[in-house]
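A.B. asks: pasted the sequence and its predicted model underneath.
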Amino acid sequence: MFNQKIIVSFLIITTAIASNVSIAGETEELKLIQILKDDVNNNDGLGNPRSVKVLSDNSKVFISSGDDNAFAVFNLDDNFNLTFSQVFKNSSESISGLEGASGLISLEHGNKVVVTGFYDGALTIFSSKNNAYSFKKTISDGLSYERVFDSEVPVGKLDSLGLLGAWDIVNTLNEKQLLIASYMSNAISIFDITPDKQVIFNRTVKGAKPFEDDLGKAISLALSPLNDELYVLGFEKHQLTIFDRSKTGNLLVKQVLKNGSDGVNQFVNPQKIIVSPNGKFLYIACAGSSSIVVFHKLDDGHFKFLQAINNSDIGGSGLEGAGSLAMTADGSRLYAAGEAGYGIYLFETEDNGRLSFKSKLLSVRDNELKKISSITLTEDNRHLLVATGKNNSVFVFNIK
């Protein structure tokens, strides 16, 4: 999916995982239901799956594909078995914006899906009618891959939407705004959702002043449970920017945390952020240090470094290129994985927010769990879906 520079930056695939990894403490809580593989049993759209979303009623699964440049739809039955339904690709006639498809969200109880295209610098919108999806529109500045990624000439004002290198996307609880983190634009792009369900560009946010000049190459973001704070990860500058967010969506920089300052350590190339359900703790997967870094909220509303978990805490290896996290609805457990690593790692969270390693799962039915690009928990916490990036597959588990 990525050119050489982006491979080195995002995936940190620099070393092979040792073959003698211990399986002591292997989790017995995950029961395999299904393995979906790209181009096997009529499945499509699973070439380097990046983001997986499950509707709250467990009726459908949506998957973005970074190498197929696609958005795929799967139906779910009562036993939580997935069946391929539809796929939309950039190669299809009249469809664009899906090159390097990455982030994905659903709106209106699944009636609308929005996908980010990393290389196309785009949002692509799909809508549902009569239980089938159709392409609706693409929002983009229309700049080519060569102009954005290969040219040494700055794009300047040609980047009007702040979507270049669009990677991650979230929506507000009231579904009135979309927020997108874009690596090449180094920006948060904000779109409003109008009463008639149109997606309209609002503005970009690129600064972190008075603390830092920029966002440090924005790659991932999250909203607090009450949507009154926005957290933005800066991949290249090892940076977390925290905004206060008003009820009308205005953003004001409150704090910037960086590796090596204010006691923060092992915060290298932060790639994925999870907020605890009570909003008191931030859990961040850091690809460059193969770590999970935890921050806790002080009484004054600012965050402080609390803990860093790394390979030494889980048996010596496995979290290389840490980039995937998922937390249970009650905040009691955290699943983690590294895209250059090996296995799924389960942690329990203490009342003070600290993590304690519980168990790991390295393989299932002779299939190694490696190159993991995302972990998704269903809202009822009964199922776990694990996408394996360059292995072009999705593992579906029941949680006992």
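C.D. replies: Done, it's in.

A.B. asks: what is the least confident helix or strand in this structure?
C.D. replies: helix 4-6 (a mean of 42; mean pLDDT, DSSP states H and E).

A.B. asks: output the contacting helices and strands for the very next helix or strand once past that one.
C.D. replies: Once the chain leaves helix 4-6, the next helix or strand it forms, by DSSP states H and E, is strand 30-37. Under the contact criterion of 3 or more CB pairs under 8 Å, 6 or more residues apart in numbering; DSSP states H and E, strand 30-37 touches strand 82-89, strand 393-399. C-beta here means a position set from N, CA and C on the backbone, and glycine is covered the same way.

A.B. asks: kindly calculate the angle that the longest one makes with strand 30-37.
C.D. replies: Strand 82-89 runs at 40 degrees relative to strand 30-37, counting by axes from the mean of the first three to the mean of the last three CA atoms, to 10 degrees.

A.B. asks: what about stretch 319-332, distance to the chain center?
C.D. replies: 11 Å (CA atoms, centre = their mean, to the nearest Å).

A.B. asks: and the closest residue to residue 82 other than its chain neighbours, what element?
C.D. replies: Excluding the flanking residues, the one nearest residue 82 by CB to CB, 6 or more residues apart in numbering is residue 74, at 4.3 Å. Under the criterion DSSP H and E, the helix or strand holding residue 74 is strand 70-76.

A.B. asks: and that strand, which residues are buried?
C.D. replies: 70, 71, 72, 73, 74, 76 (16 or more other CB atoms under 10 Å).

A.B. asks: of those, closest to residue 388?
C.D. replies: residue 72 (14.9 Å; CB to CB).

A.B. asks: for that closest one, give the beta-bridge partners.
C.D. replies: residue 63, residue 87 (DSSP bridges).

A.B. asks: residue contacts, it?
C.D. replies: 44, 45, 46, 62, 63, 64, 65, 84, 86, 87, 88 (CB atoms under 8 Å, 6 or more residues apart in numbering).

A.B. asks: surely the third one and residue 391 touch.
C.D. replies: No. Counting by CB atoms under 8 Å, no contact exists between residue 46 and residue 391, whose distance comes to 9.6 Å.

A.B. asks: the nearest residue to residue 339 once chain neighbours are set aside - how many residues pack around it?
C.D. replies: Sequence neighbours aside, residue 321 is the residue nearest to residue 339 in space, at 4.3 Å (criterion: CB to CB, 6+ apart). Using other CB atoms under 10 Å, residue 321 has 27 other residues around it.

A.B. asks: and for residue 349?
C.D. replies: 20.

A.B. asks: so it touches residue 333, yeah?
C.D. replies: Yes. If you go by CB under 8 Å, residue 349 and residue 333 touch, sitting 6.7 Å apart.

A.B. asks: what touches both of these two?
C.D. replies: residue 327.

A.B. asks: quick one, helices of the stretch 101-250 of the chain?
C.D. replies: Assignment of helices within the stretch 101-250 of the chain using DSSP state H, counting those that start in this stretch yields the ranges 145.

A.B. asks: tell me where it is predicted with low confidence.
C.D. replies: Counting by pLDDT under 70, the stretch 101-250 of the chain shows no low-confidence range.

A.B. asks: host element of the closest residue in space to residue 302 that isn't next to it in sequence?
C.D. replies: Excluding the flanking residues, the one nearest residue 302 by CB to CB, 6+ apart is residue 255, at 5.3 Å. Using DSSP H and E, residue 255 sits within strand 251-258.

A.B. asks: thinking again about what came up before, so of the helices and strands packed on strand 30-37, which one's packed in deepest?
C.D. replies: The highest average neighbour count among the helices and strands packed on strand 30-37, using mean count of other CB atoms under 10 Å, belongs to strand 393-399 at a mean of 21.

A.B. asks: mean confidence score for that one?
C.D. replies: Strand 393-399 shows a mean pLDDT of 97.

A.B. asks: so that strand versus strand 82-89, what angle?
C.D. replies: 140 degrees.

A.B. asks: what's strand 393-399 in contact with?
C.D. replies: 29-38, 46, 49, 52, 63, 80-82, 364, 367, 369, 381-388.

A.B. asks: before we move on, what about stretch 212-220?
C.D. replies: 10, 167-168, 181-183, 185-188, 205-208, 232-239, 241, 256, 258, 270-273.

A.B. asks: how close does residue 353 get to residue 246?
C.D. replies: As judged by CB to CB, to the nearest Å, residue 353 and residue 246 stand 26 Å apart.

A.B. asks: kindly apply the preceding question to residue 166 instead.
C.D. replies: 24 Å.

A.B. asks: the two: which is more packed in?
C.D. replies: More crowded of residue 166 and residue 246, by other CB under 10 Å: residue 166, with 33 against 11.

A.B. asks: can you tell me which residues contact the more buried one?
C.D. replies: So residue 166 contacts 102-103, 116-118, 121-123, 180-183, 185, 189 (CB under 8 Å, 6+ apart).

A.B. asks: what of residue 263?
C.D. replies: 304, 305.

A.B. asks: now do it against residue 101, distance only.
C.D. replies: For residue 263, the distance to residue 101 (CB to CB) stands at 38 Å.

A.B. asks: chain center to stretch 117-133, what's the gap?
C.D. replies: Worked out by CA atoms, centre = their mean, stretch 117-133 lies 17 Å from the chain centre.

A.B. asks: and stretch 44-60, how far out from the chain's middle?
C.D. replies: Counting by CA atoms, centre = their mean, stretch 44-60 comes out at 13 Å from the chain centroid.

A.B. asks: buried residues in stretch 88-107?
C.D. replies: For stretch 88-107, using 16+ other CB under 10 Å, the buried residues are 88-90, 95-107.

A.B. asks: go on, stretch 322-333?
C.D. replies: 322, 323, 324, 325, 326, 327, 331, 333.

A.B. asks: could you work out the most separated pair of these?
C.D. replies: 323 and 331, at 20.6 Å, using CB to CB across these.

A.B. asks: out of the buried residues of stretch 322-333, list just those in helices.
C.D. replies: Of the buried residues of stretch 322-333, none are assigned to helices by DSSP state H.

A.B. asks: got a markdown table for those residues, with distance to residue 358 too?
C.D. replies: Listed next are the buried residues of stretch 322-333 as a markdown table, based on distance: CB to CB, whole Å:
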| residue | distance to residue 358 |
| --- | --- |
| 322 | 17 |
| 323 | 20 |
| 324 | 17 |
| 325 | 15 |
| 326 | 14 |
| 327 | 14 |
| 331 | 15 |
| 333 | 8 |
